[in-house]
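> Need coordinates for the below:
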Amino acid sequence: MKQVKEYIEQNRERFLEELFSLIRIPSISAEAEHRDDMVRCAGRWRELLLAAGADKAEVMPTDGNPVVYGEKMVGADKPTVLVYGHYDVMPVAPLDLWKTSPFEPVVKDGRIWARGADDDKGQSFMQAKAFEFMVRTGQLPCNVKFMLEGEEEIGSGSLYGFCEKHKDMLKADVILVSDTSMIAADVPSITSGLRGLCYWDVEVTGANHDLHSGIYGGAVANPINVLCKMIAGLHDADGRITIPGFYDDVLVISDEERALMAQAPFDEAAYKRELEIKEVCGEKGYSTKERTGIRPCLDVCGIWGGHTGEGSKTVLPSKAHAKISTRLVANQDYQKISRMFKEYFEAAAPDCVQVKVTPSHGGAAYVTPLDTPAYRAAEKAMTETYGKRPIPTRSGGSIPIVAGFEKILGIKSVLMGFGLGSDDIHAPNENYPLQQFFKGIETIPYFYENFAELLRK
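Numbering: from 1, shown residues only. Predicted coordinates:
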């Protein structure tokens, strides 16, 4: 691809300042107080797409946060790539663990430090700048459409209906997504599978109001104690989830595929050192990478109740709460799993408390075939810029809408992300290496070139 490195070098500072203008908008979809910020961020994306060379770009309403849609059509006989990304970000709490202000990006130690630096403002912005390069140098070989949503971090609830309503507008040959990670900066990889997701809010109620723990303790159930015991019962001694039927539909990976996966470089000792843990743990009989790639899991994402403020308060709380999620693998139906958990957990409650499970968002797992033109185009693009063939990997993360795209629009997706495990997405001190940001901009044009060439054959 002619001049791409030179173009990046000439425009480095402008690229960063434009990205920072997005990052500075606290577009936290999970918090109602940021509703106006969602609209503001969508408007900024529209401006940037038009400036990058889109023929049109607009902020379109949904039942929730708006979608930014843009397009550049170069010919009815040309293939069409639909670029998907999201402009919403995760909450920043606990704020005291951040070393920099989360919405004031800082470049330090070769990284951009800010919420959204990687997930997904930084990675989506790579797509916009790669597109800009191809438009301005007259090398764009495909029609390009952009769809940027504001609800990915809360389950993309409104995007399903948006896609149903705008099927004709969203017609494309492939969906290109940069919202995933590579094995390492020097080990290129393409995500060939994503886990699905279910999420629930749990409330356990004991007495009708908080009680004195001395007068009532030992005679009335403590909802926190009960909740902890119920959660502990969700796994057996081998790390398997105890919900009856949970594993019935799990796709079993062949020994041959497991052997191929094992060839991917992974230093478990370094992994433990980085996380400052003595040992890994999980389902018996599987490696660390298999546990996060081809096996489901269930985790408590938050738990609270009673007195959590400064000092002591001898209270026996009326209520306890938890947020619980499970990551699913191919063939598992997230709606079926959601019902199974609710029925199991509520039925497991002892008579001394009442348990209410409220399903939140979820989505299906997704697997990208390795023999599609889109995957081969991404593979060839990374080989061109990294000098080595990328390794297909199964991600432990989820992008629920990707499976929704295939179901609603009938379009496969290719997941070509440039994040790293050290980027701390969803956590305090999220960051994104400048090297990965610029390498993504360099690589993406090759995808378009290769994809157009493969569809011509």
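
> any idea how far stretch 90-104 is from the chain center?
19 Å (Cα atoms, centre = their mean, to the nearest Å).

> What are the structural domain limits within this protein?
Domain segmentation of the chain under automatic domain parsing yields 4-194+365-456, 196-250+296-363.

> Could you pull up the mean pLDDT of the first one?
Going back to what we said before, that points to domain 4-194+365-456. Across domain 4-194+365-456, pLDDT averages out at 97.

> still on that earlier bit, with respect to burial, which of the domains of the chain scores highest?
domain 4-194+365-456 (a mean of 20; mean count of other Cβ atoms under 10 Å). C-beta here means a position set from N, CA and C on the backbone, and glycine is covered the same way.

> Endpoints of that domain, how far apart?
23 Å (Cα to Cα, to the nearest Å).

> Same question for stretch 206-219.
Note: stretch 206-219 ends 12 Å apart using Cα to Cα.

> With stretch 99-109 instead?
13 Å.

> Other residues contacting that stretch?
16, 19-20, 23-26, 92, 95, 112-115, 117, 428-430, 434 (Cβ atoms under 8 Å, 6 or more residues apart in numbering).

> I'd like to know which of these are part of strands.
112-113 (DSSP state E).

> Now do the helix ranked longest in the chain: which elements does it pack against?
Longest helix in the chain by number of residues (criterion: DSSP state H): helix 434-456. Packing contacts for helix 434-456, counted by 3 or more Cβ pairs under 8 Å, 6 or more residues apart in numbering; DSSP states H and E, involve helix 4-23, strand 111-113, helix 121-136, strand 174-177, helix 373-386.

> Reformat these as CSV; add distance to residue 399.
Converted to CSV, those look like this (distance: least, Cβ to Cβ, whole Å):
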stretch, distance to residue 399
helix 4-23, 19
strand 111-113, 22
helix 121-136, 12
strand 174-177, 7
helix 373-386, 16
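
> hang on, the earlier thing: between the longest helix of the chain and helix 373-386, how many degrees?
140 degrees (axes from the mean of the first three to the mean of the last three Cα atoms, to 10 degrees).

> Centre of the chain to helix 434-456, how far?
The answer for helix 434-456 is 21 Å, by Cα atoms, centre = their mean.

> Over to stretch 227-241?
That offset, for stretch 227-241, works out to 26 Å (Cα atoms, centre = their mean).

> ok, residues contacting it?
Contacts for stretch 227-241 (Cβ under 8 Å, 6+ apart): 202, 204, 242-243, 247, 281-285, 296-298, 300, 303, 305, 320, 322, 324, 326, 345, 348-349, 355.

> Ok, which of the helices and strands packed on helix 434-456 comes nearest residue 67?
helix 121-136 (13.0 Å; Cβ to Cβ).

> show me what contacts residue 111?
117, 431-434.

> Make a markdown table from the residues you listed and add distance to residue 380 to it.
Listed next are those as a markdown table, based on distance: Cβ to Cβ, whole Å:
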| residue | distance to residue 380 |
| --- | --- |
| 117 | 28 |
| 431 | 29 |
| 432 | 25 |
| 433 | 23 |
| 434 | 25 |
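
> What segments of the stretch 301-450 of the chain are strands?
315-316, 319-328, 354-363, 366-367, 391-394, 413-415, 431-433 (DSSP state E, counting those that start in this stretch).

> Actually, the stretch 101-250 of the chain.
Under the criterion DSSP E, counting those that start in this stretch, the stretch 101-250 of the chain contains strands at 106-108, 111-113, 143-149, 174-177, 189-194, 196-205, 211-212.

> At which residues are the helices of the stretch 151-300 of the chain located?
157-165, 213-216, 223-232, 255-262, 268-275, 288-293 (DSSP state H, counting those that start in this stretch).

> pLDDT of the third one, averaged?
The predicted model gives helix 223-232 an average pLDDT of 98.

> and if you look at the second one?
The pLDDT scores in helix 213-216 average 96.

> can you list contacts of that helix?
207, 314-316.

> I'd like these laid out as a markdown table, including distance to residue 230 and pLDDT.
Listed next are the contacts of helix 213-216 as a markdown table, based on distance: Cβ to Cβ, whole Å; pLDDT from 0 to 100:
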| residue | distance to residue 230 | pLDDT |
| --- | --- | --- |
| 207 | 18 | 98 |
| 314 | 24 | 95 |
| 315 | 21 | 95 |
| 316 | 18 | 97 |
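
> Could you single out the nearest of the residues you listed to residue 58?
Looking across those and measuring by Cβ to Cβ, the closest to residue 58 is residue 315, at 53.0 Å.

> which residues touch that closest one?
210-213, 306-307.

> I'd like the distance from it to residue 207, if you could.
11 Å (Cβ to Cβ, to the nearest Å).

> ditto for residue 91
31 Å.

> One more: residue 298?
From residue 298 to residue 207 the distance is 29 Å (Cβ to Cβ).

> How about residue 384?
Distance, residue 384 to residue 207, using Cβ to Cβ: 66 Å.
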